[in-house]
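Novice: Turn this into a model:
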Amino acid sequence: MPETNSHNVSMITCTAPVNIAVIKYWGKRDEELILPINSSLSVTLHQDQLKTTTTVACSRNFQEDRIWLNGKEEDINQPRLQSCLREIRRLARKRRNEEDPNAEITLSHRVHICSVNNFPTAAGLASSAAGYACLVYSLSRLFGVDAELSLVARQGSGSACRSMYGGFVQWKMGERQDGKDSVAEQVAPETHWPELRVLVLVVSAERKPVGSTSGMQTSVQTSKLLKHRADSVVPARMDDMIRAVRGRDFATFAELTMKDSNQFHATCLDTFPPIFYLNDISRKVINLVHRYNRHYRETRVAYTFDAGPNAVIYLLRDHVPEFVQAVRHFFPPESNGGEFVKGLPVHSASLPDELVRDIGMEPTPKGISYIISTKNEIRVKFFNVKNARTSGWHKKRK
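Specialist: Now for the predicted structure:
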C-alpha cells in the first residue's frame, strides 16, 4: 500500500461478527436490492474468534475512494460496494440538509477503507456478512448517519443485515418492492441462552468453487425444490425456530437446524448443473453427529453447513469436551500440526469405549484442520479515532 502525506484524517474503526444461519437464505427475488425469496434466522458468533475489523478514513486530501482487504488493494467499483457507499452518502446528505449544514466532514471528501478478517475469506464462513456489516457501520459513524442500517448492509451482502445485531437474529423477507420492510430484527439477545456453544470444524480454508451470488442465481432459475422450500417449508419452520430459541428448546432447535441445512444442500443438488459445497469430510461429520446422538438416544449435537464444506456445530456447554474429543478421535490431527482447538478453552475428556464402538467410523487423519470453539455474541462495535494526524494508517491495519 502506498504511503500518504501526513495530514488530518478523520477515522473510525469498527469490528463486526460473523453470523451463521440456522434457517438458510438462498435465492433473491430482486438482485439489485438483494431481496430474498424467504426469511432466515441466524446465530451471531463471538468476535474474539471470528470477526472483521474495518477502518474508514476520510480526508479532503484523498483523491479517490479506495479499499484494501487483508492487505491487498481491491476494486472499489464493485457494484455492491458502490451501492453501500451511495446509500450512506445519500442518507448523510439528507440528514445534513435537515440538521447539520456545517458538518466538519463534507460529502465530497473521499474515503479510504481497510478491512481485515481474522478467519478464512470466501471459504463458506460468512466473511461477506461480517465485512459489509462492518463497512456500513463504520461509514455510518463517520458520516453521522442514524438510520436502519440493516437496510443498507443488505445491499452489500444479504446476510450482512443479520450481523448488525447480536444473539439470535431474523431477516424478514418483506413484501414491498422497494425493500423497506426487508430488515433484520433481534429474536433474542446473546444473554438469552448462555449454555449454547458453537464449534466451527474447519475442513478447508480454500475459496469455495461456486460463489454464493452465482449459485443462488442458478438455483432460482433451475430448482423447483427451491421454490417449494421458500413457499411451503420455510414460513412454518421460521415460526418453529423462533419458538425453540425463545424457549431454549435445544432438541427442537437442533433438529430444525440440521433439517434446514440438509434441505439447503438438497436445493443445491437440485440446481442444474448441480452445486457441490459439501465434500467427503463434510458428509463424515454429518454421520458422526447422527451416530453420536443415536448413541445417547437424544439430540445433543447439531450441524449446519453454509455454502462451503466447513461444519458449524451447535451444542450445550456440558457436552463440548466429549464431542471435541470425538472429533479428535475420528479426525486425528497431525501430531506436530499446531493448536487443534482454538478460541474458548475446552477441558479434556475421555471417550467411553461403547461410544466409539457405536459410532463405528474409521478415523480420517487430518480431515479436520482445526476447531474454533466459540459462542454467541453482541453486535458490531466501534472505536472512534477522529482527526488523527497520521501517515500510512492503512499499513498499520494489515
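
Novice: Please make it C-alpha for all contacts and neighbour counts, starting now.
Specialist: OK.

Novice: For the residue nearest to residue 345 when sequence neighbours are not counted, which residues are in contact?
Specialist: Sequence neighbours aside, residue 373 is the residue nearest to residue 345 in space, at 7.3 Å (criterion: Cα to Cα, 6 or more residues apart in numbering). Residue 373 sits next to 49, 197-200, 341-346 when contact means Cα atoms under 8 Å, 6 or more residues apart in numbering.

Novice: give me that answer again for 7 Å
Specialist: By Cα atoms under 7 Å, 6 or more residues apart in numbering, the contact list for residue 373 reads 198-200, 341-344.

Novice: Buried ones among those residues?
Specialist: With neighbours counted by 16 or more other Cα atoms under 10 Å, the contacts of residue 373 contain buried members at 198-200, 341, 344.

Novice: ok, back up a step: can you tell me which of the contacts of residue 373 is nearest residue 114?
Specialist: Nearest to residue 114 among those: residue 343, at 24.7 Å, using Cα to Cα.

Novice: Look up how far residue 147 lies from the residue nearest to residue 345.
Specialist: 34 Å (Cα to Cα, to the nearest Å).

Novice: Residue 363 too?
Specialist: 52 Å.

Novice: quick one, helices of the stretch 101-250 of the chain?
Specialist: Here the stretch 101-250 of the chain has its helices, by DSSP state H, counting those that start in this stretch, at 127-143, 149-154, 212-222, 224-228, 234-246, 250-270.

Novice: Output those helices in CSV; the columns should cover mean neighbour count, mean pLDDT and distance to residue 13.
Specialist: CSV is the format used below for the helices of the stretch 101-250 of the chain (neighbours: other Cα atoms under 10 Å; pLDDT from 0 to 100; distance: least, Cα to Cα, whole Å):
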stretch, mean neighbour count, mean pLDDT, distance to residue 13
helix 127-143, 26, 91, 6
helix 149-154, 26, 94, 17
helix 212-222, 17, 94, 28
helix 224-228, 18, 98, 39
helix 234-246, 16, 98, 32
helix 250-270, 19, 98, 34
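
Novice: What number of residues are in the vicinity of the nearest residue to residue 116 once chain neighbours are set aside?
Specialist: Excluding its sequence neighbours, the residue lying closest to residue 116 (Cα to Cα, 6+ apart) is residue 70, at 4.6 Å. A count of neighbours around residue 70, defined by other Cα atoms under 10 Å, yields 16.

Novice: and if you look at residue 353?
Specialist: Neighbours of residue 353 (other Cα under 10 Å): 8.

Novice: if we can go back for a sec, among the buried ones among the contacts of residue 373, which are in strands?
Specialist: 198-200, 341 (DSSP state E).

Novice: Throw those residues into TSV and include distance to residue 352 and pLDDT, thanks.
Specialist: Converted to TSV, those look like this (distance: Cα to Cα, whole Å; pLDDT from 0 to 100):
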residue	distance to residue 352	pLDDT
198	23	96
199	21	97
200	24	94
341	21	94
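
Novice: Just the closest of these to residue 61, please.
Specialist: Among these, and counting by Cα to Cα, the member closest to residue 61 is residue 200, at 43.1 Å.

Novice: check which helix or strand covers residue 314.
Specialist: strand 311-316 (DSSP states H and E).

Novice: circling back to that earlier point, same list as before, the helices of the stretch 101-250 of the chain that is, but in a markdown table and with distance to residue 167 included.
Specialist: Below are these laid out as a markdown table (distance: least, Cα to Cα, whole Å):
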| stretch | distance to residue 167 |
| --- | --- |
| helix 127-143 | 14 |
| helix 149-154 | 15 |
| helix 212-222 | 24 |
| helix 224-228 | 27 |
| helix 234-246 | 10 |
| helix 250-270 | 14 |
